[in-house]
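Asks: return atomic coordinates for the entry below.
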Amino acid sequence: MKVEIWSDVICPFCYIGKRNFETALEQFAERKNIEVIWKSFQLDASIPEVATESYAEYLVKRKGMAAEQVQGMLTNVTEMASQVGLDYHLDQSVIVNSQKAHQLIQFAKSKELGNEAEERLFSAFFTESKNIADTETLVRLGKDFGLEESELKASLEDEKYKYEITQDIQEAQNIGVTGVPFFVFDRKYAVSGAQPAEVFLQSLNKSFSEWRTSNPGATLAVTQANSCNIDGSCG
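Replies: A predicted model of the protein is given here:
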């Protein structure tokens, strides 16, 4: 069964949501039958590739909030992250456009490394204060989880992966996604936001139960005769 997750790697709640979903998945007995598909979503495509302001300054301007309110909000989300084992340093985060980071994710997905890409980029942005719009930085991050350098560099210039980002965003708009993280279970149920692990587990149980009813697996009526089996015995 497919679980699709729309996220942006500069969204603090997306990393927290990822952790809570993973906690639920660890508790889910049928996790081997779950296929997780990461989808791109850009919260603000107008952010420049070169950092011009801090995360707090960006939010003050974007949300029109007082600096004290923004600082309180960042303190709260840092505490939320800590509760799920994440170490945020939002005061040091390099606020840049996430387009190239999403290109890396799309390329990684083609190598079945989408989850590894998401994890590495989240950690780079929120914990290590890396510039995720810098090509050389992205190449190093991609190499960290097994991607090849020349292919990485090519992927960051490839229009194919830019197009796939656009497709993901358009698909999100078509199904009514207005914010991330956004989790879709078997295209029947959705969970919006960094919900507790129990909420994700409930959604997994409900959606998978229905999916299993429609996909019972192969059941064959077998007529037996003499044969050899995999341990080498015949009879």
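Asks: need the helices for the chain, in chain order.
Replies: All helices of the chain, identified by DSSP state H, fall at 12-27, 55-63, 67-83, 99-110, 114-126, 135-144, 149-155, 159-174, 197-214.
Asks: let me have the ones you listed in a markdown table, extended by mean neighbour count.
Replies: Just so you know, the C-beta spots here come from the backbone N, C-alpha and C atoms, and that holds for glycine as well. What follows is those, written out as a markdown table (neighbours: other CB atoms under 10 Å):
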| stretch | mean neighbour count |
| --- | --- |
| helix 12-27 | 20 |
| helix 55-63 | 16 |
| helix 67-83 | 14 |
| helix 99-110 | 23 |
| helix 114-126 | 22 |
| helix 135-144 | 18 |
| helix 149-155 | 15 |
| helix 159-174 | 15 |
| helix 197-214 | 16 |
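Asks: reformat these as a markdown table; add mean pLDDT and distance to residue 45.
Replies: Putting these into a markdown table (pLDDT from 0 to 100; distance: least, CB to CB, whole Å) gives the following:
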| stretch | mean pLDDT | distance to residue 45 |
| --- | --- | --- |
| helix 12-27 | 98 | 16 |
| helix 55-63 | 91 | 13 |
| helix 67-83 | 96 | 21 |
| helix 99-110 | 98 | 7 |
| helix 114-126 | 98 | 17 |
| helix 135-144 | 98 | 17 |
| helix 149-155 | 95 | 19 |
| helix 159-174 | 97 | 9 |
| helix 197-214 | 96 | 28 |
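Asks: adding distance to residue 93, write the ones you listed out as TSV.
Replies: TSV is the format used below for the helices of the chain (distance: least, CB to CB, whole Å):
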stretch	distance to residue 93
helix 12-27	9
helix 55-63	5
helix 67-83	9
helix 99-110	13
helix 114-126	6
helix 135-144	14
helix 149-155	23
helix 159-174	21
helix 197-214	25
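Asks: ok, which of the ones you listed comes nearest residue 33?
Replies: Among these, helix 197-214 comes nearest to residue 33, with 7.3 Å by CB to CB.
Asks: so what secondary structure elements neighbour that closest one?
Replies: helix 12-27, strand 182-185, strand 189-192 (3 or more CB pairs under 8 Å, 6 or more residues apart in numbering; DSSP states H and E).
Asks: show residues contacting the longest one.
Replies: Where contact means CB atoms under 8 Å, 6 or more residues apart in numbering, the residues beyond helix 12-27 that reach it are 3, 5, 7-8, 31, 34, 36, 77, 80-81, 84-86, 88, 90, 118-119, 122, 126, 180-181, 183, 193-201, 204.
Asks: same thing with the last one?
Replies: Judged by CB under 8 Å, 6+ apart, the contacts made with strand 189-192 from elsewhere in the structure are 175, 179, 181-185, 199-200, 203, 206-207.
Asks: mind redoing it with 10 Å?
Replies: Contact with strand 189-192 is made by 3-6, 17, 20-21, 24, 175-185, 199-200, 202-204, 206-207, 210, as judged by CB atoms under 10 Å, 6 or more residues apart in numbering.
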